[in-house]
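In: Fold the following.
(2 chains)
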Amino acid sequence: MATSIVNTDKSFTAAEKPHKKKKKWQSYALLFILPSFLLYTLFVIVPTAGSVYLSFTSWDGISSDVRYIGFANFIEIFQSPRVHNALKNTMIMTVTLVLLENIAAIAMALMVDKVRWFRNLFRSIFYFPTLLSGIVMGFVWAMILNYNFGVFNQILTSVGLGDYIVDWLGNPKYAMLSIILSTVWKGAGYYMIIYLAGLQGIPQELNEAASIDGAGGWQQFRHITFPLLAGSMTVCMVLSMISALKIFDQIAVMTDGGPGFETETLTYIIYKVGFGELRQGFGTALAMVLFLIILIITVIQVKFLQKREVQL
Amino acid sequence: MQTKRRITEIVLFVITLLVAVVFFFPIFFNLMSAFKSNAEIMRDAIAFPKTLYLDSFKYLLTETEFPRAILNSLILTVVAIVAQVLIIPMAGYAIERRNARWTRLVFVYFLAGMMIPFQAYMIPLFKELRMLGLYGSLAGPIMIYVAGAVGFGCLLYTSFVKGIPREVEEAAEIDGCSRYGIFWRIVFPLLGPVTASMVVLNGLGIWNDFLMPMLVLPSGQAKTMVVEIYRYIGEFSSRWDMIFAGTAMSVVPVLIVFIFLQKYFVKGIASGATKG
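Out: I've put the predicted structure just below:
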């Protein structure tokens, strides 16, 4: 009964009211969107456009002398061994981080999902490091890994592995590894939560049916759980890759890009060149390269990973 | 069968426990070391504090600019989050409900920003703040945080607004409620869970941010807690007690907020990841 009243009411005023309503809504919509639009344009888009422009200049960041130099910055990027080294480091870090973080996150999600006691406590403990700033945690790790007084070397000595003591952050061989492992420690919990949500979406009956058919734990994981986690995996892979490409805080505190240029990544070199060495034109050109890399990788990754997703 | 299952359960528990100990150790180590004197830390980093040494806290809070940095961090986080909650949900709502060509274009325009890393525009941004006369005030960083949250925020809000039946709004409209009224009195409260997730996740991001406040707040003055800690690492390079006390003070608020709002953090990640 009620619906019929509404219907007649609508058809009765259909001739003029919707038009007026739409127009009124239009001005409201504009008003609702305008603040976000202005701030976003002013503080994201305008400076990004500024970056595109600056990347073709030799600006130092201070003087008013902003000279247009064409593609010279980009040519230098192609030729500079330091940039190549930073790119190589970025790639090594990204690939290892994406692999290790996701493996650790899946393992942790399975543990928390299957463990019988203190499930929530474990989840919180695994997840908590992701809430802390990279600076703070980078510092704590730098102290743990310190050559002279660090806890890690102390533990190694006390369990009789004194021969394996090294300067974890000062030795070029291990600096990168130390940063990668501490970043896995810091980041894996975040992806664990996403995988956990994915795991809880898998119907229990599938595993039960498989175990009746005689499938063991590993086989169940290999043929049921793993394929059905593909959706979460797309998300986690993309997110972990983007954050690995942008890694900055830990490097700033733990090694400052050193020893030598051993842990200098693309984001770090942008900062160093732009603010430390006062070559902001070159720095922005590097930033444009980073932006392009992130864009291309994200698009490829989403396309590729979505292919292997299984729909329930 | 039963005992075999029991054994796997116990083995799994022990493994999980060991991993958890490894995971919790750095945080425990940090908090523990904050109560040790520098000599104690140097002598035996792994030992428990012998006495409750509070001098480093006292020193940081009375002799340095740390209190001002704590205040700055608080102001930045609270004001930026309030501004985000005032501005972004409205835009997301209008984009979803007023489905026209221009709103769809605006949406794509907003989403494009999610791809742009901060490093890609930080250098001109720094220059722009100076030009606008915002360099040196906290207003600059606040606007930058709001602007940076627009893309992801709109994505979240549009997808959640979709789930709210239009009939609720129509009923209010018939009763003579304006668009503003409909949004703030009816739609916004229904979006509570999304707002909560956005608040905790973005709030945390702002509290922990390092690069942006370091660049755009004037040097020489107290910046934010994280930046100040970074500065101390260089300045007090042999005073670990000082730095541990500083880091502990930045970890404890996060720990407390986390204990109380745990479910929002978890929900925020899960919903953010699937909607994103």
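In: contacting residues for B:Thr103?
Out: By Cβ atoms under 8 Å, 6 or more residues apart in numbering or on different chains, B:Thr103 lies in contact with A:Ala29, A:Ile33, B:Ala94, B:Ile95. C-beta: built from backbone N, CA, C; applies to glycine.
In: Relative to B:Gly234, which of the residues you listed is nearest.
Out: Nearest to B:Gly234, judged by Cβ to Cβ, of these is A:Ile33 at 44.1 Å.
In: does the closest one count as helix, strand or coil?
Out: helix (DSSP: H, G, I helix; E, B strand; the rest coil).
In: Name the nearest residue to it, ignoring sequence neighbours.
Out: B:Ala91 (4.7 Å; Cβ to Cβ, 6 or more residues apart in numbering or on different chains).
In: And A:Ser55, by the same measure?
Out: Closest to A:Ser55 by Cβ to Cβ, 6+ apart is A:Ala285, at 3.8 Å.
In: you'd agree that neighbour is up against A:Ser58?
Out: No - counting by Cβ atoms under 8 Å, A:Ala285 stays clear of A:Ser58, with 10.1 Å between them.
In: ok, these two, which is more surrounded?
Out: Using other Cβ atoms under 10 Å in any protein chain shown, the more surrounded residue of A:Ala285 and A:Ser58 is A:Ala285, with 27 against 16.
In: ok, now how distant is that one from A:Phe32?
Out: For A:Ala285, the distance to A:Phe32 (Cβ to Cβ, to the nearest Å) stands at 38 Å.
In: How about A:Leu196?
Out: A:Leu196 is 36 Å from A:Phe32, by Cβ to Cβ.
In: Just the element for B:Met249, please.
Out: helix B:240-275 (DSSP states H and E).
In: If we ignore the residues flanking it in sequence, what's nearest the residue of the stretch 1-150 of chain A found nearest chain B?
Out: Proximity of the stretch 1-150 of chain A to chain B (Cβ to the nearest Cβ) peaks at A:Gly50, 3.0 Å away. Leaving aside its sequence neighbours, A:Gly50 sits nearest to B:Pro124 (Cβ to Cβ, 6+ apart; 3.0 Å).
In: go on, B:Val252?
Out: Nearest residue to B:Val252, sequence neighbours excluded (Cβ to Cβ, 6+ apart): B:Leu31, at 7.7 Å.
In: residue contacts, that neighbour?
Out: B:Ala248, B:Val251, B:Val252.
In: The second one is in contact with B:Phe29, isn't it?
Out: No - with contact defined as Cβ under 8 Å, B:Val251 does not count as touching B:Phe29 (11.2 Å).
In: These two: who's more crowded?
Out: B:Val251 (21 against 18).
In: residues in contact with the more buried one?
Out: By Cβ under 8 Å, 6+ apart, the neighbours of B:Val251 are A:Leu132, A:Val136, B:Ile27, B:Asn30, B:Leu31.
In: Just give me the closest of these to B:Leu217.
Out: In terms of Cβ to Cβ, no member of these lies closer to B:Leu217 than A:Val136, at 18.3 Å.
In: wait, what's in contact with that closest one?
Out: B:Asn30, B:Asn208, B:Val226, B:Ile229, B:Thr247, B:Ser250, B:Val251.
In: can we see that at 7 Å?
Out: By Cβ atoms under 7 Å, 6 or more residues apart in numbering or on different chains, the contact list for A:Val136 reads B:Val226, B:Ile229, B:Thr247, B:Ser250, B:Val251.
In: same thing with B:Lys223?
Out: Contacts for B:Lys223 (Cβ under 7 Å, 6+ apart) come out as B:Ala69, B:Asn72, B:Pro213, B:Met214, B:Leu217.
In: Of the residues you listed, which is the nearest to chain A?
Out: B:Met214 (9.1 Å).
In: State the pLDDT value of the closest one.
Out: What the model reports as pLDDT for B:Met214 is 90.
In: helix or strand for it, which one?
Out: Using DSSP H and E, B:Met214 sits in helix B:211-216.
In: okay, and for the stretch 51-200 of chain B, where does confidence drop off?
Out: By pLDDT under 70, the stretch 51-200 of chain B has no low-scoring segment.
In: hang on, the earlier thing: assumed the residue nearest to B:Val252 was part of a helix.
Out: Yes - under three-state DSSP, B:Leu31 sits within a helix.
In: and the gap between it and A:Leu87?
Out: The value you get for B:Leu31 to A:Leu87, if Cβ to Cβ is used, is 38 Å.
In: How about B:Ala112?
Out: Remark: distance between B:Ala112 and A:Leu87 (Cβ to Cβ) = 25 Å.
In: Spatially central residue in chain A, please.
Out: Centroid-nearest residue in chain A: A:Ser243, 2.1 Å away (criterion: Cα atoms, centre = their mean).
In: Can you tell me the closest non-neighbouring residue to that residue?
Out: A:Gly187 (6.8 Å).
In: show me the contacts for that neighbour.
Out: A:Glu101, A:Thr130, A:Ser240, A:Ser243.
In: top of those by neighbour count?
Out: Greatest neighbour count in the contacts of A:Gly187, by other Cβ under 10 Å, goes to A:Glu101: 28 neighbours.
In: And the pLDDT for the residue nearest to A:Ser243?
Out: We have a pLDDT of 91 for A:Gly187.
In: In which helix or strand does it reside?
Out: In this assignment (DSSP H and E), A:Gly187 forms part of helix A:172-200.
In: buried stuff in that helix?
Out: A:174-176, A:178-199 (16 or more other Cβ atoms under 10 Å in any protein chain shown).
In: Distance from the chain centre to the helix or strand following that helix, please.
Out: Later in the chain than helix A:172-200, the nearest helix or strand by DSSP H and E is helix A:204-212. Distance of helix A:204-212 from the chain centroid (Cα atoms, centre = their mean, to the nearest Å) equals 35 Å.
In: what's helix A:204-212 packed up against?
Out: helix A:217-220 (3 or more Cβ pairs under 7 Å, 6 or more residues apart in numbering or on different chains; DSSP states H and E).
In: quick one, what contacts B:Ala245?
Out: Counting by Cβ under 7 Å, 6+ apart, B:Ala245 has contacts B:Ala34, B:Ser56, B:Phe57, B:Leu60.
In: what's the neighbour count on the third one?
Out: If I follow you right, that is B:Phe57. 19.
In: hey, where'd the helices end up in chain B?
Out: B:2-33, B:38-43, B:55-63, B:66-97, B:101-112, B:122-132, B:139-161, B:166-174, B:179-181, B:188-190, B:192-208, B:211-216, B:225-235, B:240-275 (DSSP state H).
In: Single out the most deeply packed of those helices.
Out: helix B:139-161 (a mean of 23; mean count of other Cβ atoms under 10 Å in any protein chain shown).
In: which secondary structure elements does that helix contact?
Out: Of the remaining helices and strands, those touching helix B:139-161 by 3+ Cβ pairs under 7 Å, 6+ apart are helix A:17-40, helix B:66-97, helix B:101-112, helix B:192-208, helix B:211-216, helix B:240-275.
In: run the last query once more with 10 Å
Out: Other helices and strands packing on helix B:139-161, by 3 or more Cβ pairs under 10 Å, 6 or more residues apart in numbering or on different chains; DSSP states H and E, are helix A:17-40, helix A:46-54, helix B:66-97, helix B:101-112, helix B:122-132, helix B:192-208, helix B:211-216, helix B:240-275.
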